[in-house]
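J.: Whatever this is, show me its structure:
(chains A and B)
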Amino acid sequence: EPEVTQTPSHQVTQMGQEVILRCVPISNHLYFYWYRQILGQKVEFLVSFYNNEISEKSEIFDDQFSVERPDGSNFTLKIRSTKLEDSAMYFCASKGIAKNIQYFGAGTRLSVL
Amino acid sequence: QKEVEQDPGPLSVPEGAIVSLNCTYSNSAFQYFMWYRQYSRKGPELLMYTYSSGNKEDGRFTAQVDKSSKYISLFIRDSQPSDSATYLCAMSEGSNYKLTFGKGTLLTVNP
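T.: Coordinates of the predicted model:
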């Protein structure tokens, strides 16, 4: 069964460093999303991406964040200068055209020290 | 008022019990309603998806949507220890279909 894969599963970084979280969406999907979940809190929408551009972003998704689809398969989230409060699980999701169902990856746990 | 409210529990039931999980929402533009299951430190896994008021059944799971009351439910029949997880309700409008989640209900089914 096709699945969304995310790497790495755990990323530890120092405050102020740049991190890139990687996702391989399901191959025929066209809508891509990033969400985050701070420990003990709800899953929150960060950004959606369609047709090679951001279609919507939340207030959380400020200038420190960017997304890219560098080739036909990868979808990345970059945090330019990490803060302690960026520590969270980051989930990538993808959706096809036919159904309004998002499939999630297992997540990347980001720990900012 | 928060957009999606969900009692976080925790909820503890004996094996075989019927479980009822609920969410309320305030945004009448929500059209699509989902239930995800999340195991500890894993990604959300889709359980049920509905877009109209009424009931939808899949095995031991029944999803119920009442748009007039802005209320959705998930029922689990004959609950099993393997059902122990956090259950998340999620909703979306049209356009780019971003999901708005409830906080999740932690369910434990005791053997």
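J.: contacts, neighbours, all on C-alpha from now
T.: Will do.
J.: host element of the most centrally placed residue in chain A?
T.: The geometric centre of chain A, computed from its C-alpha atoms, lies nearest to residue A:34 (Cα atoms, centre = their mean), at 3.4 Å. Take DSSP states H and E as the rule and residue A:34 turns out to sit in strand A:31-37.
J.: ok now that strand, how far from the chain's centre?
T.: 5 Å (Cα atoms, centre = their mean, to the nearest Å).
J.: and the next element down the chain from it?
T.: Next in sequence after strand A:31-37, counting helices and strands by DSSP H and E, comes strand A:44-50.
J.: Can you show me the strands along chain B?
T.: B:4-6, B:11-14, B:19-25, B:32-38, B:45-50, B:54-58, B:61-66, B:71-76, B:85-92, B:100-101, B:105-110 (DSSP state E).
J.: err, chain A, not the other one
T.: Under DSSP E, chain A gives strands at A:5-7, A:10-13, A:19-24, A:31-37, A:44-50, A:53-57, A:65-68, A:75-79, A:88-95, A:102-104, A:108-112.
J.: The first one packs against which elements?
T.: Spelled out, it's strand A:5-7. strand A:19-24 (3 or more Cα pairs under 8 Å, 6 or more residues apart in numbering or on different chains; DSSP states H and E).
J.: Could you tell me which strands the strand it packs on is paired with, and in which direction each runs?
T.: strand A:5-7 (antiparallel), strand A:75-79 (antiparallel) (DSSP bridges).
J.: picking that back up, verify the stated contact: the residue nearest to the centre of chain A with residue A:91.
T.: Yes - between residue A:34 and residue A:91 a contact is recorded at 5.7 Å, counting by Cα atoms under 8 Å.
J.: Provide a list of residues in contact with the nearest residue to the residue nearest to the centre of chain A once chain neighbours are set aside.
T.: Excluding the flanking residues, the one nearest residue A:34 by Cα to Cα, 6 or more residues apart in numbering or on different chains is residue A:92, at 4.6 Å. Applying Cα atoms under 8 Å, 6 or more residues apart in numbering or on different chains, one finds that residue A:92 lies in contact with A:4, A:6, A:23, A:25, A:32-35, A:104-105, A:107.
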